[in-house]
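In: give me a model of this one.
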Amino acid sequence: SGMQALVPDYRLAPEHRFPAQLQDALACYRWLLRQGFLGSQIVVGGDSAGGGLTLSLLLALRDAGDPLPAAAVCLSPWADLEATGGSMRSNAPHDYVGRETLLTYADRFVTAKDRRNPLAAPIYGDFRGLPPLLIQAGAVETLLDDAIRVTSRARRAGVEVRLEIEPEMIHVWHAFGNLSTNAPRAVGRIGDFARRAVGLSAAAERPEAHG
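Out: Just a heads-up that it's a prediction; the model follows:
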């Protein structure tokens, strides 16, 4: 994207359980604001559990009255800590992320009372007032239904959402560039989305992009 990036080293489960991760994400975002950045200059994002954390961050910022970022990117987001999506079973033969593994991770992340807390499991969140979202998921990943349900819930709340489902791809296929030439293209679309969100030209629209 040609944009600056800040990658927070936030606390992880099981050593640190919910809401430690959200607290760190909030602290990081608010630090950027204190440095003089406007929310309209920031795009937040994450993959897998980080995709869920991205959605939780948006909900927490909105509820606290903080300036919201210009947009957010969620790659293969994990938003349902109870793993109830139908793709958990239908795509299990094709993906490396299994339902039992996710349930084990969820047990280490939250207590039973927080399994449906929207700030831990954003599939249950009220998405009204959130900024535009780009969601990318693999067509054969177990978390596909999380991406689809988040998209549906956000659209019903009036949020602008772009959902991209990559054919034959698994969970966070972006990290496996050797699997498909589509991985770099997907990353390129993320960059273009982020640039447009903050008012910059997309790469394909910049003169230097044409040599």
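In: which other helices and strands does the helix or strand bottoming out on mean pLDDT in the chain contact?
Out: Ranked by mean pLDDT, DSSP states H and E, the weakest helix or strand in the chain is helix 182-197, scoring a mean of 94. Helix 182-197 sits against strand 43-47, strand 71-75, strand 133-138, strand 161-166, with contacts defined as 3 or more C-beta pairs under 8 Å, 6 or more residues apart in numbering; DSSP states H and E. Where you see a C-beta, it was placed from the backbone N, CA and C, and this is true even at glycine.
In: could you give the number of residues near residue 72?
Out: 26 (other C-beta atoms under 10 Å).
In: just checking, it touches residue 122?
Out: No: with contact defined as C-beta atoms under 8 Å, residue 72 does not count as touching residue 122 (11.1 Å).
In: pretty sure residue 48 contacts residue 172?
Out: Yes: with contact defined as C-beta under 8 Å, residue 48 reaches residue 172; the gap is 5.6 Å.
In: got any residues that touch both of these two?
Out: Taking C-beta atoms under 8 Å, 6 or more residues apart in numbering as the contact rule, the neighbours common to residue 48 and residue 172 are 75, 76.
In: next up, phi/psi of the nearest residue to residue 86 once chain neighbours are set aside, please.
Out: Of all residues not flanking residue 86 in the chain, residue 145 sits nearest, at 5.6 Å (C-beta to C-beta, 6 or more residues apart in numbering). Note on residue 145: backbone dihedrals following degrees, to the nearest 10 are phi -70, psi -30.
In: now do the contacts for residue 145.
Out: With C-beta under 8 Å, 6+ apart, residue 145 has these contacts: 80, 85, 86, 87, 88.
In: Throw the residues you listed into TSV and include pLDDT and neighbour count, thanks.
Out: As requested, those are exported to TSV (pLDDT from 0 to 100; neighbours: other C-beta atoms under 10 Å):
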residue	pLDDT	neighbour count
80	99	23
85	98	21
86	98	11
87	99	24
88	98	24
